[in-house]
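A.B. asks: Below are the sequence and a predicted model; questions follow.
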Amino acid sequence: MSTKRTVLLFGAALILLGSACKKEMATPDPITTLSVTLNGANLTSGATNIPTEATLVMVFSAALDPAAFEAALAITSPVGSPATAITYANQSAKVTLVLDLVEETTYTLTIDDRPIGQRGERLSGQLALVFTTAASGIINTLPPCTSSSNDCLQTVSLSSGSGSADFSFFSSFPIYEENAEWTDLTAAVIVLHGVERNAADYFNYFMTTLLQQNLAENVILISPFFKNAAEAAPGDYYWGGSGWREGQNAISTEKISSFAVLDQLIGQLADRQHFPALEKIIVTGHSSGALLAHLYAAANRAETNHPDLTFTYVVANSQYFYYPDGQRINENTNQRYTPTGCAGYDFWPQGYQATPPFLSTTPLAEFNAHFSERSVNYLLGNGGGSDNAFNSTNCYATLLGSTRFRRGENMFRYMELAYPGTHHHTKTIVNGIGHDGQGMYQSSEFRALLTDLLN
């Protein structure tokens with residue numbers, strides 16, 4: 001009996017050992033491809049008009065073994081494999097391939113389903129992407145970049161007048177692509193973030209609307225990122241406090257007004273060599289971004305410099321407004337009056353005193369003429385909800401109105417009284433939405449307005 005018991009125990013031990021080995025040798029979960037972009041735009045098989053100088057970025061669900069990945073990777077064409085420089089980031093889960101391609105050539109990129117992960121993970125099946133380069137290196141169309149990932153984040157060196165520094169923005173198309181001639185892009189929207197400097201969120205809010213309206217293929221979406229000191233990398237422009245929303249200069253080593261940043265971005269869009277079909281530009285912002293849009297409507301030089309383009313400025317739920325003179329609206333009488341007892345109430349940005357350096361050569365009369373003559377829409381949400389940023393303390397703010405909604409209503413009422421029949425300002429009410437950028441830009445009222453502006 002003792003011998004039999006020993007044999008049984010030994011057999012049980014072997015079974016347990018075998019089970020443990022099976023668990024230890026279990027096949028790891030498949031590795032998945034999270035995104036594939038080329039020059040910032042999503043790459044799908046069958047893509048055409050690919051530039052010859054291409055940066056392809058692939059993001060995977062797990063860390064790669066670089067040697068195994070490169071053994072599984074192949075890029076082939078009738079003229080051979082292109083020169084390729086490969087770098088890794090995010091613990092080797094992100095791969096960047098810089099490709100030197102040949103014009104009018106079809107390439108096939110494959111990754112075999114062999115192990116490529118650091119734990120032996122493999123794709124669930126072979127990945128294959130086919131794409132064709134453009135003739136003469138000219139890009140006419142690309143699919144839009146539709147999410148606020150780093151694939152849509154672009155950085156450009158902008159001139160300050162005395163030097164230059166870098167500025168970052170999210171964009172649905174690579175607007176500084178030298179080899180592009182965008183024949184399908186007929187309009188551009190620049191959406192300005194609020195006090196939280198959440199440019200990525202506003203890019204996503206607005207992109208959702210463009211996709212719902214089937215406009216993303218023909219409208220460039222740009223969301224500038226006005227960084228603070230903590231967010232800035234060496235060589236970046238950055239702004240302190242809320243100076244960016246008022247057109248003030250960056251406080252970085254190189255100085256530039258946020259107005260000048262927008263002028264330079266629009267200057268690129270106005271380049272007929274690269275954007276031959278572009279007709280309309282909409283500049284819009286919500287909350288603090290709305291103040292920037294409101295001020296920029298009158299301050300910018302882009303509209304004067306590019307008369308072949310149609311400009312519209314959409315001011316969504318600002319709590320601060322510029323008034324061309326020292327008058328305000330009395331909410332009891334709904335008429336204009338001149339306030340007393342509030343020193344400095346008419347300083348910039350509520351009035352034209354102590355203006356930023358960008359406006360040092362712009363007379364008040366010229367600024368006010370631009371303000372009344374340019375196309376401004378007040379997008380006003382009449383809903384309730386939390387509004388922790390609302391300034392109900394300072395007299396210069398309370399003189400503008402009792403609520404955020406009333407301040408917008410008062411601004412439009414002022415324009416009706418001060419410039420009867422001559423101003424080009426309009427008003428759109430968004431019912432049931434309060435201080436909510438996503439709600440405003442995805443509302444049915446705004447979608448109707450956008451369709452009207454782009455038609």
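C.D. replies: Cool, got the structure. Residues are numbered from 1 along each chain as shown.
A.B. asks: ok, Val283 to Ser164 distance?
C.D. replies: Distance of Val283 to Ser164, computed by Cβ to Cβ, to the nearest Å: 23 Å. Every C-beta, even on glycine, is put in place using the N, C-alpha and C of the backbone.
A.B. asks: More neighbours: those two, which one.
C.D. replies: Taking other Cβ atoms under 10 Å, Val283 and Ser164 do not tie; Val283 has more neighbours (28 against 15).
A.B. asks: Whichever strand or helix holds that one packs against which elements?
C.D. replies: Assigning secondary structure by DSSP states H and E places Val283 in strand 280-286. Contacting strand 280-286 under the criterion 3 or more Cβ pairs under 8 Å, 6 or more residues apart in numbering; DSSP states H and E are the following elements: strand 187-192, helix 258-269, helix 288-299, strand 310-316, helix 437-441, helix 444-454.
A.B. asks: Which residue ranges of the stretch 251-400 of the chain form strands?
C.D. replies: 280-286, 310-316, 328-330, 335-337, 376-381 (DSSP state E, counting those that start in this stretch).
A.B. asks: Next, format the ones you listed as CSV and append mean pLDDT and distance to Ala293.
C.D. replies: Listed next are these as CSV, based on pLDDT from 0 to 100; distance: least, Cβ to Cβ, whole Å:
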stretch, mean pLDDT, distance to Ala293
strand 280-286, 99, 4
strand 310-316, 99, 5
strand 328-330, 99, 21
strand 335-337, 98, 24
strand 376-381, 99, 8
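A.B. asks: Nearest to Ser258, out of those strands?
C.D. replies: strand 280-286 (10.9 Å; Cβ to Cβ).
A.B. asks: Could you check the angle the closest one makes with helix 288-299?
C.D. replies: Angle, strand 280-286 to helix 288-299, by axes from the mean of the first three to the mean of the last three Cα atoms, to 10 degrees: 140 degrees.
A.B. asks: now strand 280-286, how far from the chain's geometric center?
C.D. replies: 12 Å (Cα atoms, centre = their mean, to the nearest Å).
A.B. asks: same thing with stretch 79-89?
C.D. replies: 29 Å.
A.B. asks: Gln319 touches Leu400, doesn't it?
C.D. replies: Yes - applying Cβ atoms under 8 Å as the test, Gln319 and Leu400 come out as touching, 7.3 Å apart.
A.B. asks: shared neighbours of these two, which are they?
C.D. replies: Arg407 (Cβ atoms under 8 Å, 6 or more residues apart in numbering).
A.B. asks: helix or strand for Ile433, which one?
C.D. replies: Counting by DSSP H and E, Ile433 is found in no helix or strand.
A.B. asks: Spit out the contact partners of it.
C.D. replies: By Cβ under 8 Å, 6+ apart, the neighbours of Ile433 are 381-383, 439-440, 443.
A.B. asks: now with 7 Å?
C.D. replies: Residues in contact with Ile433 (Cβ atoms under 7 Å, 6 or more residues apart in numbering) are 381, 383, 439-440, 443.
A.B. asks: Would you mind listing which of those residues are buried?
C.D. replies: By neighbour count, with 16 or more other Cβ atoms under 10 Å, the contacts of Ile433 hold 381, 439-440, 443 as buried.
A.B. asks: what's the neighbour count on Ala89?
C.D. replies: Ala89, neighbours per other Cβ under 10 Å, totals 12.
A.B. asks: should've said Gly241
C.D. replies: Residues near Gly241, counting by other Cβ under 10 Å, number 11.
A.B. asks: So for it, what's the pLDDT?
C.D. replies: For Gly241, the pLDDT comes out at 94.
A.B. asks: again with Ser19
C.D. replies: Ser19 is assigned 49 on the pLDDT scale.
A.B. asks: Tabulate the strands of the stretch 251-400 of the chain in CSV, adding columns for distance to Glu70.
C.D. replies: CSV is the format used below for the strands of the stretch 251-400 of the chain (distance: least, Cβ to Cβ, whole Å):
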stretch, distance to Glu70
strand 280-286, 44
strand 310-316, 49
strand 328-330, 67
strand 335-337, 71
strand 376-381, 51
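A.B. asks: Show me what counts as buried in whichever strand or helix holds Ala54.
C.D. replies: Taking DSSP H and E as the definition, Ala54 sits inside strand 53-60. By neighbour count on 16+ other Cβ under 10 Å, the buried set for strand 53-60 is 54, 56-60.
A.B. asks: before we move on, what about stretch 224-236?
C.D. replies: The neighbour-count check on stretch 224-236 (16+ other Cβ under 10 Å) flags 224-227, 232, 236 as buried.
A.B. asks: rewinding a little: and the strand holding Val283, C-alpha only, in CSV?
C.D. replies: Taking Å, rounded to 0.1, in the frame of the first residue of the first chain, the C-alpha atoms of strand 280-286 are listed here in CSV:
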residue,chain,number,x,y,z
LYS,A,280,-13.3,80.8,-46.1
ILE,A,281,-11.8,81.0,-42.6
ILE,A,282,-13.7,80.8,-39.4
VAL,A,283,-12.0,81.8,-36.1
THR,A,284,-13.9,80.7,-33.0
GLY,A,285,-13.3,80.3,-29.4
HIS,A,286,-15.2,79.3,-26.3
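A.B. asks: now the angle from that strand to helix 444-454?
C.D. replies: Using the same axes, to 10 degrees: strand 280-286 against helix 444-454 is 150 degrees.
A.B. asks: contact partners of strand 280-286?
C.D. replies: Strand 280-286 has contacts (Cβ under 7 Å, 6+ apart) with 187-192, 194, 262, 266, 269, 292-293, 296, 309-314, 316-317, 437, 440, 453-454.
A.B. asks: Quick check: the closest residue to Gly439 other than its chain neighbours vs Gly381, distance?
C.D. replies: Nearest residue to Gly439, sequence neighbours excluded (Cβ to Cβ, 6 or more residues apart in numbering): Ile433, at 4.1 Å. The spacing between Ile433 and Gly381, counted by Cβ to Cβ, is 4 Å.
A.B. asks: Give the residues shared as contacts by those two.
C.D. replies: Counting by Cβ under 7 Å, 6+ apart, the shared contacts of Ile433 and Gly381 are Met440.
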